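Colleague: Take this sequence and fold it.
(one chain, ligands or ions: 1)
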Amino acid sequence: MSERLLVLVRHGQSEWNRRNLFTGWRDPDLTALGVEEAKKAGARLKAEGYQFDIAFTSLLSRAQKTLDLALVELGQVGLPVMKDLALNERNYGDLAGLNKDDARVKWGEEQVHLWRRSYDVPPPGGESLKDTVARTLPYYVTEILPKVLQGNRVLVSAHGNSLRALIMVLEKHTPETITHRELATGAPVIYRLKADSTVESITDLAG
Ligand SMILES: O=C(O)[C@H](O)COP(=O)(O)O
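Modeller: Take a look at the predicted model:
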């Protein structure tokens, strides 16, 4: 019987997460804590008995490195890995590199919250979550989902907002409820899909 297993993991803490900077398509490395989070994600999955047939990640180092470290813990170095821009973090445009607290002082709490969590308000020069869904969803539908439905056990290492874009569809969030869906660094979320591609069960390995 097919498992139809899909595991999503947000990369471990990056240097810019630690420094509280908008990151988007910029490419900072993991911190020491981020490395530990990535290893812990792999170890947790291994301890729960998970193994994978294929993995997907973005073109950004923090997601790729998280995947590599998790695969070492899983004893699965050499697993086929597909890398694609479609899984990159939401492009934060002109906000990239700015401190999130400084931005709140400059533009106000409410405006910054709209840029960070609203569905359809893009940051200046960047992508809204709606734009990110438009970028990531076609890739999910054409590349990732078919693998899951064929019975491959699939691991995806990506980013807070590119994964929230997929989670919006998987968990059937509305533009309002998705604003409250947060994703911790290095915390795998495990989905079992039905044959019709809807979600049968969700297990969050956070904490
Ligand atoms: O790109 C970033 O800054 C982070 O990865 C996600 O940031 P957010 O929680 O502000 O959307």
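
Colleague: tally of neighbours for the residue of the chain found nearest the ligand?
Modeller: Residue of the chain nearest the ligand, by CB to the nearest ligand atom: Thr23 (3.5 Å). For the C-beta atoms, the positions are set from N, CA and C on the backbone; glycine is no exception. Neighbours of Thr23 under the rule other CB atoms under 10 Å: 22.

Colleague: ok, now which ones touch it?
Modeller: Taking CB atoms under 8 Å, 6 or more residues apart in numbering, we find Thr23 in contact with Ser14, Trp16, Asn17, Glu89, Tyr92, Ala96.

Colleague: Okay, and it sits in which element?
Modeller: Under the criterion DSSP states H and E, no helix or strand holds Thr23.

Colleague: so what pLDDT did it get?
Modeller: pLDDT recorded at Thr23 is 98.

Colleague: Write the PyMOL selection for whichever of the contacts of Thr23 are buried.
Modeller: With 16 or more other CB atoms under 10 Å as the criterion, this PyMOL line picks the buried residues out of the contacts of Thr23:
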select buried, resi 14+16+17+89+92+96
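
Colleague: JSON lines for the contacts of Thr23, including distance to Arg116?
Modeller: Listed next are these as JSON lines, based on distance: CB to CB, whole Å:
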{"residue": "Ser14", "distance to Arg116": "16"}
{"residue": "Trp16", "distance to Arg116": "14"}
{"residue": "Asn17", "distance to Arg116": "13"}
{"residue": "Glu89", "distance to Arg116": "12"}
{"residue": "Tyr92", "distance to Arg116": "9"}
{"residue": "Ala96", "distance to Arg116": "13"}
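
Colleague: show me which of the contacts of Thr23 neighbour the ligand.
Modeller: Glu89, Tyr92 (CB under 6 Å from any ligand atom).

Colleague: Put together a markdown table for the contacts of Thr23, with pLDDT on each row.
Modeller: Below are the contacts of Thr23 laid out as a markdown table (pLDDT from 0 to 100):
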| residue | pLDDT |
| --- | --- |
| Ser14 | 98 |
| Trp16 | 98 |
| Asn17 | 97 |
| Glu89 | 98 |
| Tyr92 | 98 |
| Ala96 | 98 |
